[in-house]
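Participant: Generate coordinates for the sequence data below:
(2 chains)
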Amino acid sequence: MSKAVLLGSPNVGKSVIFNYLTGAYATVSNYPGTTVDISRGECRIYGRKFEIIDTPGIYSLIPITEEEKVTRNLLQSEKPDLVIHVIDAKNIRRMLNLTLSLMEAGLPVMLVINIMDEAKKAGMLIQIKQLADLLKIPVVGTAAAKKIGLDNLKKAIACYTFKPAATLSFSAGIENSIAAIADNLMHYYGMPKRMVALLLLQQDPIIREQIKKEPQYLEIISGISQENAIAKERQFVVDKILNLAVMYTKPSRPTVMDRIGRLTRQPLWGIPVLGLILYLGLYKFVGEFGAGILVDYLDERIFSQYIAPCVEEFISVLIPYEWARSMIIGEYGLFSWGIRYAVVIVLPIVGTFFLMFALLEDSGYLPRLAMLADGLFKNLGLNGRAVIPMTLGFGCGTMAVMVTRTLESKRERLLATFLLSLSVPCSAQLGLMLSLLAHNLFILTVWYIYTASIFLLAGWLAAKVIPGKSSYFYMEIPPLRFPVLSNVLVKAYTRMLWYFIEVLPVFLFTSLIMWMANRSGILAGLIQLITPLMQILGLPSQLTPVFILGFFRRDYGAAGLYDLSANGLLTDNQLLTAAVVLTLFLPCVAQFVVMVKERGIIASLCIGVSIFFTALLAGGILNYILQLFGLG
Amino acid sequence: MPQEISMTKLEAGDRATVFSIVSQDVNYLHKLMVFGLVEEAEFEVLQKVPCYVLQIGQTQLAIDKKMAQHIMVVRQNKKDRI
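Facilitator: Numbers count the residues shown, from 1 in each chain, chains lettered A, B, ... in the order given. So this is what the prediction gives:
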């Protein structure tokens, strides 16, 4: 089976091409020893089977981020039969540099110039055949989102044969440096010596590390100057090629999308647009549809009416022991509680969130949000890039903690994890909180403002306490584009699958623990222990199981709150205090587990303890204020 | 004699060319280079608030003030003030 690696910068439409080639049948796996995930799929073209490997977006072969390092190493370790370099047509002047670098490395390269339609609108007419003749590699023009050129792509892949590319000559000074270094190299690094020398001259960190074992290491290093003359010369060659292969006409007039794209970069418009997205996307779609209509349908119509009775019958007949039956279908039972919650209640909510998030991702809105949020986040010790994990946190905090890997410094990853665990409610919790508090607009508003303030205050304090600086904010702002529906669906589906595989076991584990605690009387004992704390918050002791549950999953706690409130056991103000404490409370067990994996056990325990006290303190203060104003 | 100034002195709508980048930080320089912000690169300042957004060729790049202040530029044409 032939192996092809798909490579390119972010925002070039690589995933659309990947999904087109492989369908939805791709597996995502972790690249060993790193925190980066790689997608692999298979495709059949004219009877030939290909394994297609998708790589994270890279800007250059000289890696800065961990993802770029993984892509570099992958190219060496996988030894692909074909490297499909996907570029954004209108950015060809910038991106062709990477194509040349790949060819210099001796890789079997094919160029796919995607999003040709935008280039045409910008007045750029790229002569594909000219380019192919000049570069001497296959070149295909596509507009994958519009399904243009994809057949040609398949043909080019099927017909690909490797021809060694002509090596690019640099100026005398650089060639001399290359020769000097190449002569001193004793070991083999999986690529031509010329390439190793070139990478060294460009300050490549991977090779620099690898050549430490060279006997002539010091001499090699001394021959490297700081200039980026190589990049300049390569760009010069690219420009010469483009001079012959690109024609220019008058660009089209800016479209509506262009105008909206510009507006969303500006704070004046950006904030109302965000408000609109939150209302339509989060409140209406995830909240009303996902948490409301979908969950009710699945729970009441399908689960309670058909599935639960069948399973209960089956278990009652099959298993004679009462304790075993209770474990599966009793209170806190694996099936009646664990599976029901994971599949019927949380999965639809999280699924609708992932759909909405994928839509936002593919539209190109998120970098604009990041840019607008940068100022605010700088006060929290982070920068605009943290917007992505923070936003995901409103869907599923566990996934968001994983995504904090993309933040540049350890300090930022820690601060982001802390904030996520403290006061970013996941979609399941958010849905339940809203239905809990919605009947009283006053407490809903107070809840929202109070928890948001705690978020800002705690973030600001944490940034002061943990030493270090925030890193630079830089981000490419792609044009706003209509998301490709199939791509959105695949992304949402992949994330839902991940959720199922990673989080469902934790639900089951939780219900097992709760069942054991209930049966053994430990739960009753815990309730006794924690009741005094409840009194500080002015809350009745019936709320204790709510908070214990809340540790395992905040929405279990919220559901418990809901029951108590529906039975008239809580005043609205008690409800408010309880809701605030629960929102700020420890993250669910799944999130805690991932936190330990990502940040380490010590950091996680510190975060856990500080959150615990912050939540209680915030609740206590709120209670005090409410009492003070005679509202208790 | 065209004077080089820090990018932070430019206004929205200004066009300029990069004169030099005052930094020894290899990562920082690489990040700029990858988006085409190198010596002699031409660009336009699309906005300054909430952070800088530059149009470099067909690419729009957002950078914060910390990143912008090390970039020395030469303004190319005066903004037409109507």
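Participant: what bits of chain B have low per-residue confidence?
Facilitator: The model of chain B has pLDDT under 70 over residues B:1, B:78-82.
Participant: try 80
Facilitator: Scanning chain B with the threshold set as pLDDT under 80 gives B:1-2, B:77-82.
Participant: Tell me the residues of it that contact chain A?
Facilitator: Proximity of chain B to chain A is confined to B:24, B:26-31, B:33-36, B:38, B:46-47, B:49-51, B:53, B:57-64, B:66-67 under the rule C-beta under 8 Å from any C-beta of the partner chain. Placement of C-beta: from N, CA and C, glycine included.
Participant: please redo it, this time with the cut-off set to 6 Å
Facilitator: Contacts of chain B with chain A, taken as C-beta under 6 Å from any C-beta of the partner chain, map to B:26-27, B:30-31, B:33-34, B:36, B:50-51, B:53, B:57-64, B:66-67.
Participant: how about the residues of the stretch 251-400 of chain A that lie near chain B?
Facilitator: For the stretch 251-400 of chain A, the residues in contact with chain B (C-beta under 6 Å from any C-beta) are A:265, A:267, A:371-372, A:374-375.
Participant: I meant to write the stretch 401-550 of chain A there.
Facilitator: With the criterion set to C-beta under 6 Å from any C-beta, the stretch 401-550 of chain A comes near chain B through A:472-477.
Participant: and stretch A:346-360, average pLDDT?
Facilitator: Average pLDDT, stretch A:346-360: 88.
Participant: again with stretch A:254-261
Facilitator: The average pLDDT for stretch A:254-261 rounds to 88.
Participant: Contacts made by it with the rest, please.
Facilitator: By C-beta atoms under 6 Å, 6 or more residues apart in numbering or on different chains, the surrounding residues in contact with stretch A:254-261 are A:479-480.
Participant: in it, what's buried?
Facilitator: Buried residues in stretch A:254-261, counted by 16 or more other C-beta atoms under 10 Å in any protein chain shown: residue A:261.
Participant: And for stretch A:204-216?
Facilitator: For stretch A:204-216, a neighbour-count test (16+ other C-beta under 10 Å) marks A:204-207, A:210-211, A:214 as buried.
Participant: gap between the two ends of it?
Facilitator: Stretch A:204-216 has an end-to-end distance of 18 Å (criterion: C-alpha to C-alpha, to the nearest Å).
Participant: Residue A:283 - how many residues pack around it?
Facilitator: Per other C-beta atoms under 10 Å in any protein chain shown, the neighbour tally for residue A:283 reads 14.
Participant: hang on, it is in a helix, isn't it?
Facilitator: Yes - assessed by DSSP: H, G, I helix; E, B strand; the rest coil, residue A:283 belongs to a helix.
Participant: Excluding chain neighbours, what is closest to it?
Facilitator: residue A:434 (7.6 Å; C-beta to C-beta, 6 or more residues apart in numbering or on different chains).
Participant: could you point out which element follows the helix or strand harbouring that neighbour?
Facilitator: Here residue A:434 is covered by helix A:427-437, with elements defined by DSSP states H and E. Where DSSP H and E defines the elements, the next helix or strand beyond helix A:427-437 is helix A:441-465.
Participant: Give me the phi and psi angles of residue A:82.
Facilitator: Note on residue A:82: backbone dihedrals following degrees, to the nearest 10 are phi -150, psi 140.
Participant: where does the residue lying closest to it once chain neighbours are set aside land on pLDDT?
Facilitator: With sequence-adjacent residues excluded and distances taken as C-beta to C-beta, 6+ apart, residue A:82 is closest to residue A:4, at 4.2 Å. In this model, residue A:4 is scored at 94, pLDDT.
Participant: what about the residue nearest to residue A:283, how many residues close to it?
Facilitator: Taking other C-beta under 10 Å as the criterion, the count of residues near residue A:434 is 21.
Participant: and the gap between it and residue A:288?
Facilitator: Distance, residue A:434 to residue A:288, using C-beta to C-beta, to the nearest Å: 9 Å.
Participant: List the neighbouring strands of the lengthiest strand in chain A plus their orientation.
Facilitator: Longest strand in chain A by number of residues, with DSSP state E as the criterion: strand A:37-45. Here strand A:37-45 has these sheet partners by DSSP bridges: strand A:26-30 (antiparallel), strand A:48-54 (antiparallel).
Participant: For the residue most central in space within chain B, give me the backbone phi and psi.
Facilitator: Compute the mean C-alpha point of chain B, and by C-alpha atoms, centre = their mean the closest residue is residue B:7, 5.1 Å away. Note on residue B:7: its backbone torsions stand at phi -60, psi -30 [degrees, to the nearest 10].
Participant: Kindly report the same for the one 5 residues further on.
Facilitator: Dihedral angles of residue B:12 (phi, psi; degrees, to the nearest 10) stand at phi -60, psi 130.
Participant: and what of residue B:23?
Facilitator: phi -170, psi 150.
Participant: what about residue A:289, distance to residue A:427?
Facilitator: Residue A:289 is 12 Å from residue A:427, by C-beta to C-beta.
Participant: circling back to that earlier point, using PDB, write out the CA atom coordinates for the longest strand of chain A.
Facilitator: Output in PDB follows, covering the C-alpha atoms of strand A:37-45 (Å, rounded to 0.1, in the frame of the first residue of the first chain):
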ATOM      1  CA  ASP A  37      -2.600  13.700  17.400                       C
ATOM      2  CA  ILE A  38      -2.200  12.400  13.800                       C
ATOM      3  CA  SER A  39      -5.100  11.300  11.600                       C
ATOM      4  CA  ARG A  40      -4.700   8.400   9.200                       C
ATOM      5  CA  GLY A  41      -7.100   7.200   6.600                       C
ATOM      6  CA  GLU A  42      -7.200   5.000   3.600                       C
ATOM      7  CA  CYS A  43      -8.400   5.700   0.100                       C
ATOM      8  CA  ARG A  44      -8.700   3.700  -3.100                       C
ATOM      9  CA  ILE A  45      -7.800   5.400  -6.300                       C
END
